[in-house]
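*Asks:* Quick one: sequence and predicted model below, then my questions.
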Amino acid sequence: MALHGFTLGGAMFEEMAGMVDADIVAPDLPGHGGRDGTGCSWPNAVGELKALIAHHRPDVIVGYSMGGRLLVPIALASELGFAAVFVSSGVGIADPAERADRRRADDALAEHIEEIGAEEFAAGWESREQLGGHAHLSEVRRANTKEGIAAALRGMGQGIQPYFGDRLETMPRPTWWIAGELDPKYMAMAQLAAATAPDATLVVAPAARHNVVADSPEVVATSVRTAIASRRSV
């Protein structure tokens, strides 16, 4: 199973999936892929994923950025025996004041999205140095509605996400933490997570930015193949 990032959709994993000898289910998360804002709260989104995971019972789950953030509490609590591959993912903001500031910023950006529309927002988002340069993702982004992604930002953004960093020592499964060499913020997060969680592996994607799935799909695919092999050997 593969869980996409903010403004994207399950189709972002097509290239990577072609490099992995396994069937990969990649759902469109709440607020994405043309979905409206229904279900775009942190508890609802996590609950939806729990139900999907219980139904499909994957050996490995990949979570990129927002998808990885949603996966963290499930990986910490689920009794199902999957391995987790986190790509450019955080575990939440530790300081309550910083988290509140981020929530206000997310709310303001959501209002901006509603004002300018999904098309203009997508164009601006793609111009960011850490995210741009992948024309094949434009179609994926433009499947979204302004109502959907604004609601996703309000209900599933980093400002609303609980902090899970103080629970990583209890992670009950093998994990991989992947970050791009050119993404220092998330590189630091991955290094800390991999040093804290038991049975964790740090993977650095050379010359990759935040969207490692697009910049270096082979790096993600290699970790996924390794994770699949580890589960099948159990």
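*Replies:* Perfect, I can see it now.

*Asks:* what about the helices in the protein?
*Replies:* Counting by DSSP state H, one finds helices in the chain at the ranges 14-17, 42-56, 66-77, 96-116, 118-126, 138-141, 146-156, 184-196, 212-215, 217-232.

*Asks:* Return the most buried member of those helices.
*Replies:* Of all these, helix 212-215 has the most neighbours on average by mean count of other CB atoms under 10 Å, namely a mean of 26. To be clear about C-beta, it is placed using only N, CA and C from the backbone, and glycine gets the same treatment.

*Asks:* list the helices and strands it packs on?
*Replies:* The contact analysis (3 or more CB pairs under 8 Å, 6 or more residues apart in numbering; DSSP states H and E) places helix 212-215 against strand 175-180, helix 217-232.

*Asks:* Ok, which of these comes nearest Pro58?
*Replies:* When these are compared by CB to CB, helix 217-232 sits nearest Pro58, at 9.1 Å.

*Asks:* Apart from its chain neighbours, what residue comes closest to Asp21?
*Replies:* Once flanking residues are discounted, Asp21 sits nearest to Arg225: 7.2 Å by CB to CB, 6 or more residues apart in numbering.

*Asks:* Test my guess that the one you found contacts Val20.
*Replies:* Yes. Proximity of Arg225 to Val20 meets the contact threshold set by CB atoms under 8 Å, at 5.9 Å.

*Asks:* before we move on, back to that, and the helices of the chain as JSON lines, adding mean pLDDT and distance to Pro162?
*Replies:* Shown next, in JSON lines, are those (pLDDT from 0 to 100; distance: least, CB to CB, whole Å):
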{"stretch": "helix 14-17", "mean pLDDT": "94", "distance to Pro162": "28"}
{"stretch": "helix 42-56", "mean pLDDT": "97", "distance to Pro162": "8"}
{"stretch": "helix 66-77", "mean pLDDT": "98", "distance to Pro162": "7"}
{"stretch": "helix 96-116", "mean pLDDT": "97", "distance to Pro162": "9"}
{"stretch": "helix 118-126", "mean pLDDT": "88", "distance to Pro162": "25"}
{"stretch": "helix 138-141", "mean pLDDT": "92", "distance to Pro162": "27"}
{"stretch": "helix 146-156", "mean pLDDT": "97", "distance to Pro162": "12"}
{"stretch": "helix 184-196", "mean pLDDT": "97", "distance to Pro162": "15"}
{"stretch": "helix 212-215", "mean pLDDT": "96", "distance to Pro162": "24"}
{"stretch": "helix 217-232", "mean pLDDT": "93", "distance to Pro162": "25"}
